[in-house]
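Trainee: fold the following and give me the result.
(one chain, ligands or ions: 2)
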Amino acid sequence: MKRTILVTGGAGFIGSHLVRLFVNKYPEYNIINLDKLTYAGNLANLVDVEKKENYTFEKGDIVDAEYIYKLFKKYNFDAVIHLAAESHVDRSIEFPNDFIYTNIVGTANLLNAAKDLWKSNFAGKRFYHVSTDEVYGSLGEEGFFFETTSYAPKSPYSASKASSDHLVRAYNNTYGLPVVVSNCSNNYGSHQFPEKLIPLFINNIKSNRPLPVYGKGLNIRDWLWVEDHARAIDVIFHNGADGETYNIGGHNEWTNLSLIKLLCKIMDKKLHRSEGESEKLISYVTDRAGHDLRYAIDSTKLQKELGWKPSLQFEEGLEKTVQWYLDNIDWLENVTSGEYQKYYDKMYVGR
Ligand code: NAD
Ligand code: TYD
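Mentor: Ligands and ions are numbered 1, 2, ... in the order given. This is a model prediction of the structure:
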């Protein structure tokens, strides 16, 4: 079936993996990638698909409602897969309004355009909203996040994503907009901007810089290979039911410290350092304000109803991830020069 699909945020980490998957797997779809190209958006992430006939890039801002309407009129989209967002918790603590505008107002603008321009016939249309497990808040030592878990976001980032999730569901309930939502755990893999834990620490180990561990390093995250997330979005986009929510995660919980130690071990081998050398870079710094203790996703619904399951063990995925960054030093250097360097100094020097 021919379809014109708007992917927002396709030049970012997860978006670029999703665009690559869809452009290659579905030559009959037209994929329009709308991205503002903030510090986190990088067209170098998509060089391998940029010349494909079924791929088009549009530079634009989802906060600009008029522009979004024009784009919907220009392409007459059949579906939206919405990933564009400000996505880093530490930045949300420093600059909360950027998150409020992009994540809440930007999502509302997309919903309004879809509602108004599709309303004569919603049949065959789909608005897919990509969200995070962080909307559920923080777990103690026990338990999991289910699709039915009440929202309790605790950072400006997670609160802005929670707001956008509520808006998406409200447009389904109020206007009948055909929506689907997924909430995924922490992703890792290639092309992730090196401000997030794993690529930041790979970059720092490579350059012999300190590894800033927040607090005692005992916070727990549930890690999923980014290509498994993209495959889950594919499955939910095609087979998920209208109005439903699906949790995505691979039951793969690690304390930050045990993850960092594993990463150091892999890096020691890859860089031909003696065992234990990279671990010496660990440096405990002031904890993140309001730091969520633990996230853990139960994805039974997705696995049972739609047959998705993760493909990779974490050790293998982490090793592949490290190899990708070491093979793509130019990519790392390009994205960490200039403005990012100033941000890094502000956030970490003297912390
Ligand atoms: P990212 O920061 O790597 O990429 C975000 C992309 O959105 C960038 O290309 C950026 O240029 C673009 N963007 C930002 N503001 C925009 C605006 N106003 N208009 C248009 N484009 C804009 O983020 P990511 O890690 O790839 O996350 C993608 C989505 O997945 C987000 O919605 C995030 O909340 C969600 N998510 C992320 C994770 C994770 O672990 N990274 C986990 C679960 C869910
Ligand atoms: P991050 O990659 O920012 O993802 P999120 O906060 O969305 O889960 O951080 C993952 C974990 O690593 C989180 O508990 C915070 C911690 N962390 C550090 O200890 N040091 C760092 O420099 C960063 C960026 C994160």
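Trainee: where does pLDDT dip in the protein?
Mentor: Applying pLDDT under 70 to the chain picks out residues 340, 350.
Trainee: residues in contact with the host helix or strand of Ile260: which ones?
Mentor: Assigned by DSSP states H and E, Ile260 belongs to helix 256-270. With C-beta atoms under 8 Å, 6 or more residues apart in numbering as the contact definition, helix 256-270 has outside contacts at 197-198, 201-202, 205-206, 211, 213-214, 216-221, 223, 254, 273-279, 281-282, 315, 318-319, 322-323, 326. The way it works is simple: take the backbone N, C-alpha and C, and place the C-beta from them, glycine included.
Trainee: out of the residues you listed, which touch ligand 2?
Mentor: Among the contacts of helix 256-270, proximity to ligand 2 is found for Leu197, Val213, Tyr214, Asn219, Arg221 (C-beta under 6 Å from any ligand atom).
Trainee: Ile282 is in contact with the second one, correct?
Mentor: Yes. Judged on C-beta atoms under 8 Å, Val213 makes contact with Ile282 at a distance of 5.8 Å.
Trainee: more neighbours: the two, which one.
Mentor: Remark: of Val213 and Ile282, Val213 carries more neighbours, 20 against 16, as counted by other C-beta atoms under 10 Å.
Trainee: how about the more buried one, secondary structure?
Mentor: Secondary structure, DSSP: H, G, I helix; E, B strand; the rest coil: Val213 is strand.
Trainee: who's it bridged to?
Mentor: Assessed by DSSP bridges, Val213 has beta-bridge partners Tyr284.
Trainee: now do the contacts for it.
Mentor: Val213 makes contact with Asn256, Leu257, Ile260, Ile282, Ser283, Tyr284, Val285, according to C-beta under 8 Å, 6+ apart.
Trainee: now the fourth one. Nearest residue, chain neighbours left out?
Mentor: This means Ile282. Nearest in space to Ile282, with sequence neighbours left out and distances taken as C-beta to C-beta, 6 or more residues apart in numbering, is Leu211 at 5.0 Å.
Trainee: what are the buried residues along the longest helix along the chain?
Mentor: With secondary structure taken from DSSP state H, the chain has its longest helix at helix 156-175. Residues of helix 156-175 classed as buried by neighbour count (16 or more other C-beta atoms under 10 Å): 156-165, 167-169, 171-172, 175.
Trainee: dump the residue contacts of the spatially closest residue to Ile220 that is not a sequence neighbour.
Mentor: Spatial nearest neighbour of Ile220, excluding adjacent residues (C-beta to C-beta, 6+ apart): Arg294 at 4.0 Å. Arg294 sits next to Ser138, Leu139, Gly140, Glu141, Asn219, Ile220, Arg221, Glu253 when contact means C-beta under 8 Å, 6+ apart.
Trainee: what comes up buried for the helix holding Ile260?
Mentor: Residues of helix 256-270 classed as buried: Asn256, Leu259, Ile260, Lys261, Leu263, Cys264, Lys265, Ile266, Met267, Asp268, Lys270 (neighbour count, 16+ other C-beta under 10 Å).
Trainee: if I look at the third one, how far off is Ile62?
Mentor: With the distance defined as C-beta to C-beta, to the nearest Å, Ile260 ends up 34 Å from Ile62.
Trainee: could you pull up phi and psi at the residue sitting furthest away from the middle of the chain?
Mentor: Farthest-out residue of the chain from its mean C-alpha position, per C-alpha atoms, centre = their mean: Ser274, at 34.2 Å. With angles defined as degrees, to the nearest 10, Ser274 sits at phi -70, psi 150.
Trainee: excluding chain neighbours, what is closest to it?
Mentor: Asp268 (7.0 Å).
Trainee: what about the one you found, distance to Lys280?
Mentor: Distance from Asp268 to Lys280, by C-beta to C-beta: 10 Å.
Trainee: Pro194 now?
Mentor: Distance from Pro194 to Lys280, counting by C-beta to C-beta: 21 Å.
Trainee: more crowded one of the two?
Mentor: Using other C-beta under 10 Å as the criterion, Pro194 and Lys280 rank with Pro194 on top: 19 against 12.
Trainee: list the contacts for the more buried one?
Mentor: With contact set as C-beta under 8 Å, 6+ apart, Pro194 has these partners: Leu200, Ile202, Asn203, Leu332, Val335, Thr336.
Trainee: secondary structure class for it?
Mentor: Assigned state for Pro194: coil (three-state reduction, three-state DSSP).
Trainee: which positions in the protein make contact with ligand 2?
Mentor: Proximity of the chain to ligand 2, by C-beta under 6 Å from any ligand atom, involves residues Val89, Asn186, Lys196, Leu197, Leu200, Pro212, Val213, Tyr214, Asn219, Arg221, Asn256, Arg288.
Trainee: apply 8 Å and report the result again.
Mentor: Contact residues (C-beta under 8 Å from any ligand atom) of the chain with ligand 2: 87-90, 132, 134, 155, 157, 186, 195-198, 200-201, 211-215, 217, 219-221, 256, 260, 285, 288, 291-292, 295, 348.
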